Every structure is written in structure tokens, then in C-alpha cells.
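The sequence and its predicted three-dimensional model are supplied below.
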Amino acid sequence: MNQNPLILPVNGKYPNWGRDCFIADNATLVGDVTMGDKCSVWFTAVIRGDVNYIKIGHHTNIQDGAIIHATYQKAATNIGNYVNIGHRALVHGCTLNDYVLVGMGAIIMDNAVVEEYVIIAAGAVVLENTICESGFLYAGMPAKKIKPLTEEQKELLRKLPDNYVMYAGWFM
């Protein structure tokens, strides 16, 4: 049985996305959501741009069960290019720059800024107004800078988005 993703307008604003995007049958996109090219939104993921806008760059993947939201009149969500948002992560009213990996189950709160080439470990909680400095791994509750990324980790941040473009191609 094939379904269609739930795509809903809010206050006359419809989600829109670029070329070659995959949106899973049971994903939800609502309101003021803009996505670039070659993005993927996986099973049960929710991107809810009802109370503020959500902007997502190119080659970004929102994995299974992730939730992307914002805060009314306070904090929009801006996600860059080549970003990987892991399974069941919560990204809320923050900024993720390019080449970021948000681990499974991690939470990133309002007005946090994650600079380029950062890994947020699985289960980490990045508190409001935190700045995660480029080139580091952050982990814990609350998330703290743990160690510099290795060259292998940086290479993973460059390659992983292309893997998700490939995986999405299996469904398109």
C-alpha cells in the first residue's frame, strides 16, 4: 500500500523543495519549509514550519523520526548544506552550518549555533545559545567540546551526505 507524505500549508505558506529530493511516504512537512536540491526526509520525520520558518540547504538528510521545529516569534531554524540529522534527533530554533552531523537522539535547542565541520554525538543535548566551535566533537548533557575532529571524521562529513543521496535514489 503506497501512501503520500503529509504536506500541509499553514497561513498560506506551503513547503517547497528543490530538484531530486526524496520525501518518504510517511514523512510530514508543514508550512514555511524550504529545502534545497538532493535532500532526503526519511520515514516518520517531521519538519514543522508552522510557528517560524525552516530553511534547509542542499544535500541534507533528515533521518528517520527526526523532528525539526522552531519557536514562535523567537527562533527560526536554519540548516546548511551537507548536513546529516540522525535518527530521532530534535533540531529546534537553531542554526546548523555546513558539514554537520547531528547524532541519533541528539537535541539542539533555540539559538544554538553549530559551526561548520562539527559532530554532535548521539544523545547529546546542546543547550540554548550555545556555540559549537568548528572542527570539534561535542558530547554529553549538556554538550561539551570533547576533542578536535580527525581528518577521517572530516572526510566522513564530506562523504555521508552523498551516501544519503544514493540511498534516496533507491526509492525514487
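On my side now, so go ahead. Numbering: from 1, shown residues only.

Next, the nearest residue to A24 once chain neighbours are set aside: secondary structure please.
In this structure, A24 finds its nearest non-sequential neighbour in F43, 4.5 Å apart by CB to CB, 6 or more residues apart in numbering. All C-beta atoms are positioned from the backbone trio N, CA, C, and that covers glycine. Assigned with DSSP: H, G, I helix; E, B strand; the rest coil, F43 falls in the coil class.

do the same with M104
Strictly by three-state DSSP, M104 counts as coil.

surely it meets G86?
Yes - with contact defined as CB atoms under 8 Å, M104 and G86 form a contacting pair (4.0 Å).

Which residues are in contact with each of the two?
By CB atoms under 8 Å, 6 or more residues apart in numbering, M104 and G86 have these common neighbours: Q63, A122.

between these two, which one's more packed in?
A direct count of neighbours by other CB atoms under 10 Å for M104 and G86 places G86 higher, at 21 against 16.

mind checking how far the more buried one is from N61?
According to CB to CB, to the nearest Å, G86 and N61 sit 9 Å apart.

now L149
For L149, the distance to N61 - CB to CB - is 19 Å.

Please say which of those two ends up with more neighbours.
The neighbour comparison of L149 against N61 (other CB under 10 Å) goes to N61, with 25 against 19.

Phi, psi for the nearest residue to the more buried one once chain neighbours are set aside please.
Distances taken as CB to CB, 6+ apart place Y164 nearest to N61, at 3.8 Å, with adjacent residues excluded. Phi and psi for Y164, reported as degrees, to the nearest 10, are phi -70, psi -30.

Pull the contacting residues for Y164.
Under the criterion of CB under 8 Å, 6+ apart, the neighbours of Y164 are S40, H59, N61, N84.

From the residues you listed, pick the one nearest V91.
Relative to V91, the closest of the contacts of Y164 is N84; by CB to CB it sits at 11.4 Å.

Go ahead and confirm that closest one touches Q63.
Yes - assessed by CB under 8 Å, N84 is found in contact with Q63 at 7.4 Å.
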